[in-house]
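Asks: I'll drop the sequence and a predicted model, then ask my questions.
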Protein chains: 2
Amino acid sequence: MRTVYWQDDSVRLIDQRGLPNRVVWLILGDEASVLVAIRDMAVRGAPAIGATAAFGLALAIRRASAAEPRALLDAARRSADALRAARPTAVNLAWGLDAVLRAIDADMQAGGSVASMRRAALRAAERLADADVEANRRMGTFGAQLLPDPCTVIHHCNTGALATVDYGTALGVVRAVHEAGRQVHVLVDETRPRLQGARLTAWELGQLGVPHTVIVDGAAGSFLQRGQVDAVLVGADRIAANGDTANKIGTYPLAVVAAANGVPFYVVAPTSTVDLALADGAGIPIELRDESEVLELAGQRVAPAGTRAANPAFDVTPHACITAFVTEVGVVRPPYPPALQSAVSAAASGQVPAVASQPTPGVAKP
Amino acid sequence: MRTVYWQDDSVRLIDQRGLPNRVVWLILGDEASVLVAIRDMAVRGAPAIGATAAFGLALAIRRASAAEPRALLDAARRSADALRAARPTAVNLAWGLDAVLRAIDADMQAGGSVASMRRAALRAAERLADADVEANRRMGTFGAQLLPDPCTVIHHCNTGALATVDYGTALGVVRAVHEAGRQVHVLVDETRPRLQGARLTAWELGQLGVPHTVIVDGAAGSFLQRGQVDAVLVGADRIAANGDTANKIGTYPLAVVAAANGVPFYVVAPTSTVDLALADGAGIPIELRDESEVLELAGQRVAPAGTRAANPAFDVTPHACITAFVTEVGVVRPPYPPALQSAVSAAASGQVPAVASQPTPGVAKP
């Protein structure tokens, strides 16, 4: 079941803040509600944000009062700018919006009416959502070939169906392994401050029947050190041209400790997460979120009154700590600048390698 | 004010579980209560556990019904064995108990009565508590000489007055720097799962007026990576002969990331924490605590029903990641096997270097 989709002139998505205790679906009937859902993390996960933003923009375009094509394009651009500012780090947000803008621009250039532009916007968002699911299944198959059987992996944050439109990126790899009948055990980083691991990843793995154990983020190192881990799998919010990767806070130390212990560290992300416009990770904007996420737990203050916190939501893992990227067009290995460039080009031109239905040894490359 | 002391035939200590919201003092009138207070972490921190156990044993000896010295010694040994099992990792627990046992044995050998043995036990415990405070002040002075002015340090768990009898180990260094009128800012790892950083360290630093900011454990790496940290300061629960150091879970990844970024990593601990009987860290017993510490927050379940957790309370940092140890007899640098041996011998024989009242450049060595 998709975690974000379009129905009856509204964007529907699962409110991730209530999980695992409450499964609540939000029905968002205007762009402002979509913006708030992204900003307040009712929906999170780079690919899910991208798809939600695309649907949100399609919704804005549907509701805009513009009487002629040019005015509608201008209105759409203003809506896109507003949505773009909802969260700064995940590049998929801009990618989703730009896909919709390109679609209505092309429709207008081809002589399309306001009505046909509205249809084109929704079609683009639907296509993007479908493509995300397909990309995830492909990454699952490519990634599964990298793991031994049986295997134990560490996973940080949440990258499952909830973080995408369906299936998942890094958790999609786990799912592919599990669906192939192989043994996999996931050590689930709880992922402070918002506990996406303990709340969301544990919930998804439970639903899938994949064996898993929650650990505090600080404990991952001790499992790596004791040789109990075969690989670390994470997603990504933005990948620079040289492979430097922004992901949930705590990813960087995990990568350093994995490298120190010779454990492969894989970033599983669609090419839509690659930002070739940024030479390296220094240019990635890092979102600072409210300090209450750190200072309060379950609505209760844990730190003394007056205590302040710093709450960067992401960190940047240098490319040198990353063993490989798993994308929808194959496994990308160093040197990353040409390999990532090739992967993005291959995806853009639809030159994607066939995926064997049963994972076979050997690694596909773009 | 001391956080653990003897008064009116009872052991008094602050219940750290209620902090920072409630300041509750426990009055423990029998050894069973002392054991529970240690096991359930009303009192925690290796030196504080050592002193509490010593007072607890003195209390047991006081209350034992033995009519003659040999029977009292036997009863004391049985009580010590029970207390020793309360928590496995911090060697200070055994060290405190052994100091009291040695004192009553010596008193008995010297012809002491049951009454004089009881007095000897309490004297030994009091001496040990006094020595801890003195050791902490000395470590503070030695450690302060290692830090630039101004400086920003990362601190993990809690090592302040609460974790000791008074003043603190790693936080004692921060305190010494602050008392010397120098500028220090502490990035406080919240320290999951029990949040000793957010609850206890932030509270102590607030009381002392030391500037500080709480961060999630996973964020420490990003501050180290961005060159915003001058040193990492931690305490220790057990130090093997080669310098491998057990400390609160999350210490090991912090040390690896500090090393990767060229940031000095200092372990601040009295020689009572050194266990020369263990060649290296592989022999240190690691306590596994209840999974509810991970799966619940503030009494509320966060993970889905049925989810399991693994909760190792400590990890072992290899000696190669440790820049130096700060002990009460000076700063100990590699090679650690001879240097730690010398430090322990110097402390045992009372050959402690004089400490300048004003920190001066240069580092004292054992």
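Replies: Great, that's in hand.
Asks: All the helices of chain A, residue numbers only.
Replies: Secondary structure of chain A (DSSP state H): helices located at A:31-39, A:46-63, A:69-84, A:91-109, A:114-144, A:170-179, A:196, A:202-208, A:220-225, A:251-260, A:292-295, A:336-348.
Asks: Buried deepest among the ones you listed, which one?
Replies: Of all the helices of chain A, helix A:46-63 has the most neighbours on average by mean count of other C-beta atoms under 10 Å in any protein chain shown, namely a mean of 29. Backbone N, C-alpha and C define where each C-beta goes, glycine included.
Asks: hey, C-alpha coordinates of that one in CSV?
Replies: C-alpha atoms of helix A:46-63 as CSV (Å, rounded to 0.1, in the frame of the first residue of the first chain):
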residue,chain,number,x,y,z
ALA,A,46,13.6,12.3,0.9
PRO,A,47,11.7,10.3,-1.8
ALA,A,48,8.4,10.6,0.1
ILE,A,49,8.9,14.4,0.4
GLY,A,50,9.6,14.6,-3.3
ALA,A,51,6.4,12.8,-4.2
THR,A,52,4.3,14.7,-1.7
ALA,A,53,5.7,18.0,-3.0
ALA,A,54,4.9,17.0,-6.5
PHE,A,55,1.3,16.1,-5.6
GLY,A,56,1.1,19.3,-3.5
LEU,A,57,2.1,21.4,-6.5
ALA,A,58,-0.3,19.5,-8.8
LEU,A,59,-3.0,20.4,-6.2
ALA,A,60,-2.0,24.0,-6.2
ILE,A,61,-2.1,24.1,-10.0
ARG,A,62,-5.6,22.5,-9.9
ARG,A,63,-6.8,25.1,-7.4
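Asks: Can you give the distance of it from its chain's centre?
Replies: In terms of C-alpha atoms, centre = their mean, to the nearest Å, the centre of helix A:46-63 is set 15 Å apart from its chain centre.
Asks: Surely A:Y266 touches A:D230?
Replies: No - if you go by C-beta atoms under 8 Å, A:Y266 and A:D230 don't touch, sitting 10.7 Å apart.
Asks: State the distance from the residue positioned nearest the centre of chain A to A:E134.
Replies: Nearest to the geometric centre of chain A sits A:A46, at 3.0 Å (C-alpha atoms, centre = their mean). Between A:A46 and A:E134 the distance is 17 Å, computed by C-beta to C-beta, to the nearest Å.
Asks: now A:G299
Replies: 39 Å.
Asks: Please apply the same query to A:L340.
Replies: Using C-beta to C-beta, one gets 20 Å for the distance from A:L340 to A:E134.
Asks: likewise A:L59?
Replies: 23 Å.
Asks: Same question for A:W203.
Replies: 24 Å.
Asks: Show me which residues of the stretch 151-300 of chain A sit near chain B.
Replies: Residues of the stretch 151-300 of chain A lying close to chain B by C-beta under 8 Å from any C-beta of the partner chain are A:187, A:190-193, A:195, A:198-199, A:202-203, A:206, A:212-222, A:225, A:248-254, A:256-257, A:260, A:286, A:291, A:294-295, A:297-298, A:300.
Asks: ok, now with 7 Å
Replies: Counting by C-beta under 7 Å from any C-beta of the partner chain, the stretch 151-300 of chain A comes close to chain B at A:190, A:192-193, A:195, A:198-199, A:202-203, A:206, A:213-222, A:225, A:249-250, A:252-253, A:256-257, A:260, A:294-295, A:297-298, A:300.
Asks: who touches A:P264 in this structure?
Replies: The contact partners of A:P264, by C-beta atoms under 7 Å, 6 or more residues apart in numbering or on different chains, come to A:A231, A:T323.
Asks: 10 Å instead, please
Replies: Shown in contact with A:P264 (C-beta atoms under 10 Å, 6 or more residues apart in numbering or on different chains): A:L146, A:L147, A:V153, A:V229, A:D230, A:A231, A:V232, A:L233, A:A258, A:I322, A:T323, A:A324.
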